[in-house]
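1. Predicted model follows, preceded by the sequence.
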Amino acid sequence: MFITGGNGQVGFELQRQFALFGNVLAPTRHELDLTDANAVDAYLAEHQPALILNAAAYTAVDKAESEPAQAKRLNAELPAQLAEYAAKHTIALVHYSTDYVYPGDGETPWQEDSPTAPHSVYGQTKLEGDQAVTQSGCQHLIFRTSWVYAARGNNFMKTMLRLGREREALSIVNDQIGAPTPARLIAQVTALAFTPHASPLTPHITSGIYHLAPRGETSWHGFASEIFKQAQALGEELAIHSGTVNGIPTVEFPTPAQRPLNSRMSLTKLEAALGVTLPVWQYQLALTLAECCEA
Ligand SMILES: NC(=O)C1=CN([C@@H]2O[C@H](COP(=O)(O)OP(=O)(O)OC[C@H]3O[C@@H](n4cnc5c(N)ncnc54)[C@H](OP(=O)(O)O)[C@@H]3O)[C@@H](O)[C@H]2O)C=CC1
Ligand SMILES: Cc1cn([C@H]2C[C@H](O)[C@@H](COP(=O)(O)OP(=O)(O)O[C@H]3O[C@@H](C)C(=O)[C@@H](O)[C@H]3O)O2)c(=O)[nH]c1=O
Ligand SMILES: [Mg+2]
């Protein structure tokens, strides 16, 4: 199988989870530049993968505002190209999407068929990718996830641990609500969608979009406070304390890209399809922190 973005948060965990499924091809950026459509075509023609897991993306949300063409290539055109190949060769494509496709208003959790209305270039280009995959006719799973973090890679948890060692106080937005999702959970669920089937190359759940996140909800401020609380309990030496993490509204933290306030996503569809109960986000954080904090 072919994993794109194998060096990223999700791609790396996919490499771990799919190691037993057969030959895993996960070329680095150096080996295959995904912005080069011809190189991608040539790679597919040469290796003829039996399954594609597309974990590559342009994920720098603020930078995407000033590099829309790059973001579009990775987030919209690449999935379209992979989906076209998958349709033509009757293989399945797994793709990953984001809470940033939703308009972000209200407080009700989004359903997979809720109206989309991204406010950022990142969200818009990701939506175009989802639409291309959906319309391609290939067998596909699109896992729409949120606030991804891991012991490895660049993410909010790692940023907080670094800042928490350096600073005695921090201001973190408390009015964007969602669920922080470990990359490993995403890879585990992806593997589960394939495992019980007679063929490890065909998913046993219906093609479509599925929300994938832990249960529960919090704000970035709540997430940061929990990171500091748990890290401290693990023996991390932090300059910051949970009590000195100030909650601020989004308007007090201006950024080039606009983020949704409501990133709540209903998990009913995925839980029913796979017959699982997703774990709560605090427990998932403990498992991820244990990987990167020394006792
Ligand atoms: N991060 C998050 O908070 C969220 C992510 N998602 C989605 O989940 C998926 C995985 O995200 P995540 O693992 O966090 O992403 P990362 O940013 O950690 O990884 C992206 C991967 O794409 C690769 N890549 C980017 N551009 C190129 C290129 N031109 N050529 C080759 N490789 C390239 C990167 O390579 P390199 O390592 O060399 O840079 C990296 O391996 C994406 O679809 C993302 O949109 C959804 C919701 C939240
Ligand atoms: C570092 C920092 C961030 N923040 C805010 C900014 C932002 O609203 C929030 C999270 O910061 P980030 O830079 O991690 O946000 P961002 O990169 O937008 O995270 C998003 O990435 C993409 C790829 C996704 O798909 C989303 O699900 C989401 O995870 O915290 C503070 O309020 N204070 C701080 O000191
Ligand atoms: Mg970011």
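-> Good, I have the coordinates. Ligands and ions are numbered 1, 2, ... in the order given.
2. and the closest residue to Lys72 other than its chain neighbours, what element?
-> Among residues not flanking Lys72 along the chain, Thr125 sits closest, at 4.8 Å (Cβ to Cβ, 6 or more residues apart in numbering). C-beta: built from backbone N, CA, C; applies to glycine. Assessed by DSSP states H and E, Thr125 sits inside helix 121-135.
3. and what of His140?
-> strand 139-145.
4. who touches that strand?
-> The contact list for strand 139-145 (Cβ atoms under 8 Å, 6 or more residues apart in numbering) reads 83, 86, 90-99, 101, 112, 130, 133-134, 181, 186, 189-190, 193, 202-203, 205, 207-213, 265.
5. try stretch 66-78
-> Contacts for stretch 66-78 (Cβ under 8 Å, 6+ apart): 4, 34-35, 37, 40, 54, 56-58, 60, 64, 121-122, 125-126, 128-129, 132, 256.
6. Just confirm Leu161 contacts Cys292, I think it does.
-> Yes - with contact defined as Cβ atoms under 8 Å, Leu161 counts as touching Cys292 (7.4 Å).
7. between those two, which one's more packed in?
-> Leu161 (18 against 15; other Cβ atoms under 10 Å).
8. ok, for the more buried one, nearest residue in space, not its chain neighbours?
-> Sequence neighbours aside, Ala231 is the residue nearest to Leu161 in space, at 6.3 Å (criterion: Cβ to Cβ, 6+ apart).
9. secondary structure class for that neighbour?
-> helix (DSSP: H, G, I helix; E, B strand; the rest coil).
10. I'd like the distance between it and ligand 2.
-> Here Ala231 is placed at a distance of 16 Å from ligand 2 (Cβ to the nearest ligand atom, to the nearest Å).
11. likewise Val101?
-> For Val101 relative to ligand 2 (Cβ to the nearest ligand atom), the value is 9 Å.
12. what's the neighbour count on that residue?
-> 28.
13. do the same with Glu166
-> There are 10 residues near Glu166, going by other Cβ under 10 Å.
14. what sits against it?
-> Per Cβ under 8 Å, 6+ apart, neighbours of Glu166: Ala239.
15. ok, now Phe228?
-> Counting by Cβ under 8 Å, 6+ apart, Phe228 has contacts 160, 164, 238, 240-242, 245.
16. Quick check: PyMOL command selecting the buried ones in those residues.
-> Burial among these is assessed by 16 or more other Cβ atoms under 10 Å; the matching PyMOL selection reads:
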select buried, resi 160+164+238+240+245
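17. quick one: the residue nearest to Leu161 and Ser97, what's the gap?
-> From Ala231 across to Ser97, the span is 30 Å (Cβ to Cβ, to the nearest Å).
18. Same check on His140?
-> 11 Å.
19. list the buried ones in the helix holding Thr125?
-> If you call a residue buried by 16+ other Cβ under 10 Å, then helix 121-135 has these buried ones: 121-130, 132-134.
20. go on, stretch 205-225?
-> Under 16+ other Cβ under 10 Å, the buried positions of stretch 205-225 are 205, 209-214, 217-225.
21. Can you list which of these are found in helices?
-> Among these, the subset assigned to helices under DSSP state H consists of 220-225.
22. From those residues, pick the one nearest ligand 2.
-> Trp220 (3.9 Å; Cβ to the nearest ligand atom).
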